[in-house]
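# no FASTA, just this:
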């Protein structure tokens, strides 16, 4: 049986609250750093005269380097205090983001995104491992919901503010803002978070390579990896072109973009904790299925839109966001239940890596499917992305039931 330092209670302890807030704050900056590429996409492509495929590669560069980094660190992830790992990779992320803010050409931008991905891509997996260590399964849905609120907060506060300052001081300025905020958060984590070392006393393989192979070799772990990768494919394929599609196809103005992202972010902030709480009470696979079907319908509708009133664009983004966010919480809660405590760091690192790599592949494929003939012309073939995502979501549903059924069988065996 697993041992944790946190009592298995329904109500969060004071330290659990502090820990999840700190992790959500780190997630906020990391997610914002990645997410801001989408709303800045149209501005950046025009500024550097980039094609859709070049911009897709700029997004993919972060994802591939993050995936590569996660695989490199997976074998060592369970051999150190998780707090120290978090601090190490977070300061590297801050340095990489600073390089993004100082980039003046496409080559410098790509290089900076690679550096940022090498460090930033691992932070999510470390945070997930910390949550899995500090929160028992009956609390984990809520904990994951609060952790994922960093995504919503980045849209409610981060992206609108980033767009505002980008309109005044250039597209590089949001990255410099993230550097300042990240530095403050790093100091708070260093002084407020307790060491997380429970896993160090548990038996594991003697070498990092053996530990990594052990994590890959377990069938149930591979089921979780596949589910995470498939979830990532569904989101990354459309996301990088969000602002370009809104501006060039739906005729949304730059001044309306912050409102669009803020409204979606507010919905995400509201829906994530609610879905997290619900997923602790209701079958997580059923919640995932409803959310995936919801997302499927509205993604297909949205990707086929032509110029419509801004209010309708706003509503469509909100209802689509409900499906996207409601799918992530139960899916990640199920995946987090698969690894044993002594494997969590390696599992989460590999899981995060495959998530990033799948996202990089999706962004690259999206960049090849979507075409923009000139700086101001509408994006072509965006509807095809919607249909491809619908197929991926069906596969998501089938995979989530595989994971859910395996966990139910294991739970039944433990009772016998």
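Looks like it came in fine. This one's a predicted model, so the numbers in the text were calculated from it and none came from an experiment. Residues are numbered from 1 along each chain as shown.

# find the nearest non-adjacent residue to residue 101, please.
residue 175 (3.6 Å; C-beta to C-beta, 6 or more residues apart in numbering). (Glycine included, C-beta is placed from N, CA and C.)

# what's the answer for residue 290, then?
Per C-beta to C-beta, 6+ apart, closest to residue 290 is residue 326, 7.5 Å.

# tally of neighbours for that neighbour?
By the criterion of other C-beta atoms under 10 Å, residue 326 has 25 neighbours.

# that one against residue 270, yeah?
No. If you go by C-beta atoms under 8 Å, residue 326 and residue 270 don't touch, sitting 11.2 Å apart.

# now the host helix or strand of the residue nearest to residue 101: mean pLDDT?
Using DSSP states H and E, residue 175 sits within helix 173-192. Average pLDDT, helix 173-192: 90.

# do stretch 349-361 as well
79.

# what residues does that stretch touch?
59-64, 66-71, 73-74, 77, 117, 121-122, 124-126, 128, 212, 215-216, 221, 224-225, 228-233, 235-236, 335 (C-beta atoms under 8 Å, 6 or more residues apart in numbering).

# same for the longest helix along the chain, what does it pack against?
The helix that spans the most residues within the chain, counting by DSSP state H, is helix 382-415. Packing partners of helix 382-415 (3 or more C-beta pairs under 8 Å, 6 or more residues apart in numbering; DSSP states H and E): helix 219-236, helix 284-303, helix 310-336, helix 344-369.

# could you tell me the angle between the second one and helix 310-336?
What that stands for is helix 284-303. Interaxial angle, helix 284-303 versus helix 310-336 (axes from the mean of the first three to the mean of the last three C-alpha atoms, to 10 degrees): 150 degrees.

# list the buried residues of helix 284-303.
By neighbour count on 16 or more other C-beta atoms under 10 Å, the buried set for helix 284-303 is 284-285, 287-292, 294-296, 298-300, 302-303.

# re earlier: distance from the longest helix of the chain to the middle of the chain?
With C-alpha atoms, centre = their mean, to the nearest Å as the basis, helix 382-415 stands 18 Å off its chain's centre.

# over to stretch 287-305?
19 Å.

# returning to that earlier point: to residue 413, which of the helices and strands packed on helix 382-415 lies closest?
helix 219-236 (12.5 Å; C-beta to C-beta).

# and the strand or helix carrying residue 93, what does it pack onto?
Using DSSP H and E, residue 93 maps to helix 82-102. Using 3+ C-beta pairs under 8 Å, 6+ apart, the elements in contact with helix 82-102 are helix 14-35, helix 106-134, helix 173-192.

# got the contact list for residue 146?
By C-beta under 8 Å, 6+ apart, the neighbours of residue 146 are 20, 21, 24, 272, 273, 276.

# any idea how far it lies from residue 12?
9 Å (C-beta to C-beta, to the nearest Å).

# just checking, residue 399 touches residue 226?
Yes. Applying C-beta under 8 Å, one finds residue 399 in contact with residue 226, separated by 5.9 Å.

# rewinding a little: may I see the PyMOL selection of the buried members of the contacts of residue 146?
Only the buried entries of the contacts of residue 146 go into this PyMOL selection, using 16+ other C-beta under 10 Å:
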select buried, resi 20+24+272+273+276
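
# just put the contacts of residue 146 in TSV and tack on pLDDT.
TSV is the format used below for the contacts of residue 146 (pLDDT from 0 to 100):
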residue	pLDDT
20	84
21	84
24	86
272	74
273	76
276	76
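
# quick check, nearest of the contacts of residue 146 to residue 180?
Nearest to residue 180 among the contacts of residue 146, with distances taken as C-beta to C-beta, is residue 24, at 18.4 Å.

# low-confidence ranges in the stretch 251-400 of the chain?
Applying pLDDT under 70 to the stretch 251-400 of the chain flags the ranges 342, 345.

# next one: the stretch 51-200 of the chain
74-79, 137, 140, 148-152, 154-156, 197-200.

# in JSON lines, list the helices and strands packed on helix 82-102 along with distance to residue 82.
JSON lines is the format used below for the helices and strands packed on helix 82-102 (distance: least, C-beta to C-beta, whole Å):
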{"stretch": "helix 14-35", "distance to residue 82": "11"}
{"stretch": "helix 106-134", "distance to residue 82": "5"}
{"stretch": "helix 173-192", "distance to residue 82": "11"}
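
# most tightly surrounded among the ones you listed?
Of all the helices and strands packed on helix 82-102, helix 106-134 carries the top mean neighbour count, a mean of 24, counting by mean count of other C-beta atoms under 10 Å.

# buried ones in the helix or strand following that helix?
Per DSSP H and E, the first helix or strand lying C-terminal to helix 106-134 is helix 137-147. The neighbour-count check on helix 137-147 (16+ other C-beta under 10 Å) flags 137, 139, 140, 141, 142, 143, 144, 145, 146, 147 as buried.

# residues in contact with residue 257?
Contacts of residue 257 by C-beta under 8 Å, 6+ apart are 39, 163, 243, 246, 247.

# just the ones of those residues in helices?
Using DSSP H, the contacts of residue 257 in helices are 163, 243, 246, 247.

# not counting sequence-adjacent ones, nearest residue to the first one?
Closest residue to residue 163 in three dimensions, ignoring its sequence neighbours and counting by C-beta to C-beta, 6+ apart: residue 258, at 4.6 Å.
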